[in-house]
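Colleague: Here you go, sequence then predicted model.
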Number of protein chains: 2
Amino acid sequence: MTPRLVVIGGDAAGMSAASTAKKRCGDNLEVVAFERGQWTSYSACGIPYWISGDVEGPDGLVARSAPEHRANGIDVRLGHEVVAIDAAAGEVTVRSDGAESTVGYDELMIATGAEPLRPDLPGIGSDGIFGVQNLVDGQQVIDALRRGPRRAVVVGSGYIGVEMAEACLRHGLQTTLVDQAVSPMGLLDVDLGARIHVAMSAMGIDVRMSTPVRGFASSDAGAVNGVVTDSETIPADIVILGLGVRARSDLAAAAGLPIGESGAIRADAEQRVDADRHVWAGGDCVESWHRLLRRHVHVPLGTHANKQGWTAGRNISSAVLGDLGPVEFPGIIGTAVTRVCNLEIAITGLSVTAAREAGYDPEEVSIESTTRAAYFPGVAPLTIKMIADRLSRRVLGAQIVGREGSALRIDTVATALWAGLTVDDVMLSDLAYAPPFSPVWDPVQVAARALAGKLGY
Amino acid sequence: MTPRLVVIGGDAAGMSAASTAKKRCGDNLEVVAFERGQWTSYSACGIPYWISGDVEGPDGLVARSAPEHRANGIDVRLGHEVVAIDAAAGEVTVRSDGAESTVGYDELMIATGAEPLRPDLPGIGSDGIFGVQNLVDGQQVIDALRRGPRRAVVVGSGYIGVEMAEACLRHGLQTTLVDQAVSPMGLLDVDLGARIHVAMSAMGIDVRMSTPVRGFASSDAGAVNGVVTDSETIPADIVILGLGVRARSDLAAAAGLPIGESGAIRADAEQRVDADRHVWAGGDCVESWHRLLRRHVHVPLGTHANKQGWTAGRNISSAVLGDLGPVEFPGIIGTAVTRVCNLEIAITGLSVTAAREAGYDPEEVSIESTTRAAYFPGVAPLTIKMIADRLSRRVLGAQIVGREGSALRIDTVATALWAGLTVDDVMLSDLAYAPPFSPVWDPVQVAARALAGKLGY
C-alpha cells in the first residue's frame, strides 16, 4: 500500500513540506493536508498591509490555493481540524462539519502555527479586541474598521503592533500605541527604537511607552470602549493586540510529543519530533536553533516556516524513497526586517546585552551613513549599529534604521555573521559600489571599519 | 628630521593613503600630495551623472577639497605634476608653472590613476572626441554639449559607455551606441546583456552591437562628424569614448618599478611596490589580486582605490611609527553595479566561461523572481543567474538584472562568495524577509535552491 503523509495545517510550513515531499515522491506517496480554515499557503506577514489597504486580500495573499495544491496531487481538505494525534497508533482524529473520523498515517507533519497572545486581563473578552494572525482575523478587523470606529488602541509595539498602528492611522482613526516597553520594536536597542517612536509620533500616532495595560473597559453591551492603564482609561472603539504569539503546541503536547521551554514543539535539525514514530514539525509551532545563542528559541517567521517545511518535506521524501541522506535546517541568527512610517528597520544577530548574556565579550559601534553617494538624488540617511566579539573580532550582530534603501543591507551582515567573518573581513570585502546605490565605502563597511578601530588593531 | 611621505595623485587612493597615514602619525610624518589637476578626492564614478544633469558638479563630486585636506595637516599642491621618480635617490621631480624642482621623500605613494583608452584609428585626433575619466574631461563634455550638438555616438558599451549614452539621450541628442561586442555590458553574459540592449533601445538609443569602429570622419576644420563602421559612417556631432581605461603606469615603469602583464603597477597585498625603496601604490594605476582567478588583474574602481589607499596609508604609518604589524588588501572578486535606462545591473565573481578557464567545473542557473512579495505595491521582476562549482558546491558568481530594488542583493552573494559558502549554505541562511522587501524565499535563495537542485543532492 502507498505510504501516506498526513499534514496538520495548510500554511507555509505544512504546505512546503507537502509540496516538497509530493514533488519528489510522486505516486510513491499519498499526501493529505488538513486545514481547519479556508485558505492554504497564505502570507500572514501581509495581513497588516491588507488591512492598511496597501494590498488586496484575502485571496491576494494566497501564494498557492487549495485547487493549485490539488492539481499537484496533494489531497487538501479545508475546514478539517485535527483534534487529536495518536502517535503510537499512527493516526489522527479529524473533525469536520461536526463529525469526527480517524485517519492513519505513515509520516506525520505538524504545522499548527501560532496564535496571538491574549493577556489574562480584566475585560479581555470584550467585543472589538482583535489579534492579527490569520486571514479570518484579518477579515474581522477589516469588517470592524468598516463599521466606522473613530479611535483605535494598539497594544504592543512589536512588528504587528507598529504595522497595525500605521494601518489604523491610514484608515483615518485616531490611533494610540501602548506598550510597557521603553521604546517600540523591542528587538532594537533603545537608542534606535527611540527613532521609531519619533517617526510614529511625527505621523500622528499617539505613542505611549512604559505604559503597562491593566485591563479593558467595555459598554453594557460588552463592546470594548477603553484600554485601562495606571493613569487613565484610553478611549477605544477598536483594540488590536500586537503582543506576540504563542505556538499552537497543545495537540502535540497532548500526544506526548516533546515541548521545549518556550512552549513550542522541540524538533531536531532534520525537523523530526519523534524519529521512532515518524513525526515531523516545522513553522510557527516549533522552536528553532539559534546559532549564536546556542540554544533553542521560538521565532515564528514565515521565512523559517518555509525553510523548515522544505527541510521536513525533503527528509520525509528521502525516508519514503530510501534514496538520499538527511538535510538539516541550519538554524537562525535572528534576522528580521520591517517598514513602518517611512522608516526601514532591520536587525540580525545579537545586541550587546544579548551577546554578553550569551557569554561573548561584545563591543559595539553606531555610525551614520547614507543610502547613496552623498551627492546623488534621493540620498537618505541611515544608521548602522554593529556588534562584534572582542576576542575573535567576529561580527555578532547589526541593527539598521533608515529611509528607503537602507534595510536590505542587513543581508550583507547576516551573511557575514552566518559565515563567521570578522569585522576586518567585512571592512575590506568586495561589495558593490556605484553612486545610485551606496557611498564609496558601503555603510556596512563604514560600520565595520569603525568597529575594527574601536577593537584596536 | 621628520620623515616625509610624498603622494603622487590627489584622488581616491592617494588621498586615502595620505589621510590615513597623517591621522595616525600626526606631527611624526610630513605628508605632501602632488595633484596635477585642480581637484582632490573626487568621484570619477559620478561624472556620467554630472553630465546627465542628475547631480551638480564639478565641486559637488568632491568628497574632500584641498583646503579640507590642508586643515588635516596634509600639504596638498594642486597644479603640480610629478614627471619623474628617482627611487634610488628617494626623490621625485615636480613640474609646476613650467618650472621643475626635486622633492625628497622617505615613503612614496603612487596613485596616478588611469586614462581613457584612445584606439589608434584614423581620425582619432579630431576635435569633439572625448574620454570621460576626470573632472576636466567631464567639464569638456558639458561645454561641448552646451554648444548644441544634435547627434552623439558613444563608442564602447561598458559602464561608462552605457551611462554616457543615457546622459546624451537625456540632453535630447539623437544617440547611437556602437560596440564590437555582441551585447552591452560585456561583464554580463550575453543573455542578460541582451536585456540591457532591449532597455536602451526602448528608451530611444540606437544600439549597434557587433559593429567594430574603423575610424572617425571629420570636417575640413578638423571637427569630428562621423564614426566609420564597416557598413556606413554614422553621423556624429560629438563622440564619447567608453572603451575602458589603461593604468597610468609610465612614471613607475620609467623608474624601474615592477609592471604587471596588464600594464598596471604590480603591488603586493600590503600595497608595497618596492619594499627596499619605500615605494607604495594603489588605485586605478595598480593591479589587484583576484581571489577566484588567483592571479593579478587590473580592475580600476573607486571602491578598490579607497581600500587600497587605506591599506597603504595604514602600513606607511606603521612603518613610520614602528608600532603595528602590516594589514593586507585582501583582493577582489569582481563585484560591480550600475543603473542604466531604469535597469539595475550587478555582478560578482565569475561567469561560467571565466570559471571554466580558471579551472573550476562550473554549473549555472538563471531564475526569475521579484523585488518584493508578489502582491506588494511596487513589486518588480528581477533575474538572477548564479554560478557554482560542481565539486565543492561553492558559489562562484552571480549576475542580477532587474528594476529598482534588485541590484544590492549582489552584496549577499558577494559576501557568501567571499566567505566560501556553498549554494546549500546560501539557500538556508537567515536572510531578511518582509513583504515590502522580498518574497518569502529571497531571490538569492531561490537561485541557490535551483542551483543546489541542478547540482544534485
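Modeller: That came in fine, so what should we check first? Keep in mind it's a predicted model, so treat the numbers as computed, not measured. Numbering: from 1, shown residues only, chains lettered A, B, ... in the order given.

Colleague: okay, now A:Gly420: neighbour count?
Modeller: A:Gly420 sits with 12 neighbouring residues when counted by other Cβ atoms under 10 Å in any protein chain shown. For glycine as for every other residue, the C-beta is placed from the backbone atoms N, C-alpha and C.

Colleague: What values do phi and psi take at the residue of chain A at minimum distance from chain B?
Modeller: Across chain A, the shortest distance to chain B (Cβ to the nearest Cβ) belongs to A:Ala419, at 3.4 Å. Backbone torsions of A:Ala419, given as degrees, to the nearest 10, read phi -90, psi 0.

Colleague: hang on, isn't A:Ala358 packed against A:Ile333?
Modeller: No: counting by Cβ atoms under 8 Å, A:Ile333 is not a contact partner of A:Ala358; they are 12.0 Å apart.

Colleague: Looking at the two, which is more packed in?
Modeller: In this comparison of A:Ala358 against A:Ile333, neighbours counted by other Cβ under 10 Å, the higher total goes to A:Ile333 at 23 against 15.

Colleague: got the phi/psi numbers for the more buried one?
Modeller: With angles defined as degrees, to the nearest 10, A:Ile333 shows backbone torsions of phi -130, psi 10.

Colleague: what about the nearest residue to A:Arg409 once chain neighbours are set aside, how many neighbours?
Modeller: Take A:Arg409 and drop its neighbours on the chain: the residue closest to it by Cβ to Cβ, 6 or more residues apart in numbering or on different chains is A:Val444, 5.4 Å away. Neighbouring residues of A:Val444 were enumerated by other Cβ under 10 Å; the total is 28.

Colleague: what comes into contact with the helix or strand where A:Val444 lies?
Modeller: When elements are defined using DSSP states H and E, A:Val444 is found to belong to helix A:443-455. Contacts of helix A:443-455 with the rest of the structure, by Cβ atoms under 8 Å, 6 or more residues apart in numbering or on different chains, involve A:363-365, A:367, A:369-371, A:382, A:384-388, A:390, A:393, A:395, A:398, A:406, A:409, A:412-413, A:423-424, A:426-429, A:431, A:439, A:441, B:411.

Colleague: What about the residues you listed, which are in helices?
Modeller: A:412-413, A:423-424, A:426-428, B:411 (DSSP state H).

Colleague: related to what we said a few turns ago, out of the contacts of helix A:443-455, which are buried?
Modeller: Applying 16 or more other Cβ atoms under 10 Å in any protein chain shown to those, the neighbour count classes A:363-365, A:367, A:369-371, A:382, A:384-388, A:393, A:395, A:398, A:406, A:409, A:412-413, A:423-424, A:426-429, A:431, A:439, A:441, B:411 as buried.

Colleague: where do the helices sit along the stretch 1-150 of chain A?
Modeller: When assigned using DSSP state H, counting those that start in this stretch, the helices of the stretch 1-150 of chain A occupy the ranges A:12-25, A:47-52, A:66-71, A:135-146.

Colleague: and A:Val365, bridged to which residues?
Modeller: According to DSSP bridges, the partner residues bridging A:Val365 are A:Met386.

Colleague: Can you tell me the SS state at A:Thr348?
Modeller: Assigned state for A:Thr348: strand (three-state reduction, DSSP: H, G, I helix; E, B strand; the rest coil).

Colleague: for A:Arg214, same thing?
Modeller: For A:Arg214, the secondary-structure state derived from three-state DSSP is strand.

Colleague: Wait, it touches A:Glu232, no?
Modeller: No: contact criterion Cβ under 8 Å: A:Arg214 and A:Glu232 do not qualify, at 10.5 Å.

Colleague: report the longest helix in chain A, please.
Modeller: helix A:302-321.

Colleague: List the buried residues for that helix?
Modeller: Taking 16+ other Cβ under 10 Å as the criterion, helix A:302-321 shows A:302-320 as buried.

Colleague: Stretch A:263-272 too?
Modeller: A:263-267, A:269-272.

Colleague: How about stretch A:128-143?
Modeller: Taking 16+ other Cβ under 10 Å as the basis for neighbour counts, the residues of stretch A:128-143 that come out buried are A:128-135, A:137-138, A:141-142.

Colleague: Model confidence at the nearest residue to A:Ala380 once chain neighbours are set aside, what's the number?
Modeller: Ranked by Cβ to Cβ, 6+ apart and with sequence neighbours excluded, the top spatial neighbour of A:Ala380 is A:Arg403, at 3.5 Å. Confidence per residue is given as pLDDT, and for A:Arg403 that number is 96.

Colleague: related to what we said a few turns ago, out of the helices of the stretch 1-150 of chain A, the one nearest A:Leu121 is which?
Modeller: Proximity to A:Leu121 (Cβ to Cβ) singles out helix A:135-146 among the helices of the stretch 1-150 of chain A, at 19.1 Å.

Colleague: quick one: is the closest one near chain B?
Modeller: No: with Cβ under 8 Å from any Cβ of the partner chain as the criterion, chain B is not reached by helix A:135-146; the gap is at least 12.8 Å.

Colleague: who's in contact with A:Ala152?
Modeller: A:165, A:168, A:171, A:173-176, A:236-240.

Colleague: between those residues, which is closest to A:Ala281?
Modeller: Taking Cβ to Cβ as the measure, A:Ala281 sits nearest to A:Ile240 out of these, at 29.0 Å.

Colleague: I'd guessed the closest one sits against A:Met164; true?
Modeller: Yes: applying Cβ under 8 Å as the test, A:Ile240 and A:Met164 come out as touching, 4.7 Å apart.

Colleague: out of the two, which sits in the more crowded spot?
Modeller: Neighbour tally, A:Ile240 and A:Met164, criterion other Cβ under 10 Å: the higher count belongs to A:Ile240, 31 against 27.

Colleague: what's the helix or strand for the more buried one?
Modeller: A:Ile240 is part of strand A:238-241, with elements assigned from DSSP H and E.
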